[in-house]
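S.K.: structural data only, the sequence is not supplied:
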């Protein structure tokens, strides 16, 4: 039941001007918490977690409360959604109780079904396909440190996962170049790159991590083994050449920043020297989840 309801489902489903508005609002909210006021007083956000979380849960809970609203948290074992109730029925019921729903789940179909059958905004807190809230915070972090991201070069080294997919969406929407270095078996779909390039992005696969980072303004990676991966040893063998270490960072621009959405498996996808180094912005990146979440909530609920 979409209608005029404003969902935040994926970056490719919103235009660049809308995403820029949300991004600028997040920056403004970070500069002055008091100026934001309590615009969501009397509103309630339901948080559905089918996957565990630290940053997503805390940033949405704290953000909603800073804006004057309230939060209800539903874990998979604590709701009927985990006991056989359909997503459509859950959407209809929750829409009678709350003003917005955030879901962190494995399946993108659950996200879209919530949006189709609910009558309140639905926010994508993560699916196996994408992680748009995270990459909005990432773009915000880059611009805080290095200015406008348009026309810059971002390099991804590692697993072509859901976060990489959202970086591909962002390249098209914010106008930067994205180079991806991934093992052949773990590349994002070519169709996604084709969409990005047709939509104004400049996205390509690099032959190696070294080629991806050459002259880059930002180097990004993510954990190699997620919660639903059972083939740990195989994945680590495939991805070891893509580890971000000091030698790889040396190929980027001298002022390039390093990003990781966390949690990090130190010594696997990134070394201590990089994540704790002077060019790492991972802690600002984590903090900015709070501010971008607040901007998304106000866009969904009161604009």
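M.R.: That came through fine. Remember, it's a predicted structure, so these values are computed and weren't measured experimentally. Numbering: from 1, shown residues only.
S.K.: please make it C-alpha for all contacts and neighbour counts, starting now.
M.R.: OK.
S.K.: how long is stretch 220-235 end to end?
M.R.: End-to-end span of stretch 220-235 (Cα to Cα, to the nearest Å): 18 Å.
S.K.: which residues touch residue 272?
M.R.: By Cα atoms under 8 Å, 6 or more residues apart in numbering, the contact list for residue 272 reads residue 266.
S.K.: now do residue 263
M.R.: Residues in contact with residue 263 (Cα under 8 Å, 6+ apart) are residue 223.
S.K.: hang on, it is in a strand, isn't it?
M.R.: No - counting by DSSP: H, G, I helix; E, B strand; the rest coil, residue 263 falls outside a strand, being coil.
S.K.: if I look at it, how far off is residue 242?
M.R.: Taking Cα to Cα, one finds residue 263 at 17 Å from residue 242.
S.K.: one more: residue 145?
M.R.: With distances taken as Cα to Cα, residue 145 is found 25 Å from residue 242.
S.K.: neighbouring contacts of stretch 160-174?
M.R.: With Cα under 8 Å, 6+ apart as the test, stretch 160-174 has contacts from 10-12, 15-16, 19, 127-132, 134-135, 149-150, 156, 177-178, 180, 182, 186-188, 192-193, 196-197, 199-203, 222.
S.K.: selecting buried members of those in ChimeraX, what would you type?
M.R.: Filtering the contacts of stretch 160-174 down to the buried ones (16 or more other Cα atoms under 10 Å) takes a single ChimeraX command:
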select :10,11,12,16,19,127,128,129,130,131,132,134,135,149,156,177,178,180,182,187,188,193,196,197,201,202,203,222
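S.K.: filter the contacts of stretch 160-174 down to the ones in helices?
M.R.: If you go by DSSP state H, the contacts of stretch 160-174 have 16, 19, 132, 134-135, 192-193, 196-197 in helices.
S.K.: list just the nearest of these to residue 64.
M.R.: Using Cα to Cα, residue 134 comes nearest to residue 64 of the ones in helices among the contacts of stretch 160-174, at 16.8 Å.
S.K.: which element follows the lowest-mean-pLDDT helix or strand in the chain toward the C-terminus?
M.R.: None of the helices or strands of the chain scores lower by mean pLDDT, DSSP states H and E than helix 33-36, at a mean of 80. Next in sequence after helix 33-36, counting helices and strands by DSSP states H and E, comes strand 44-49.
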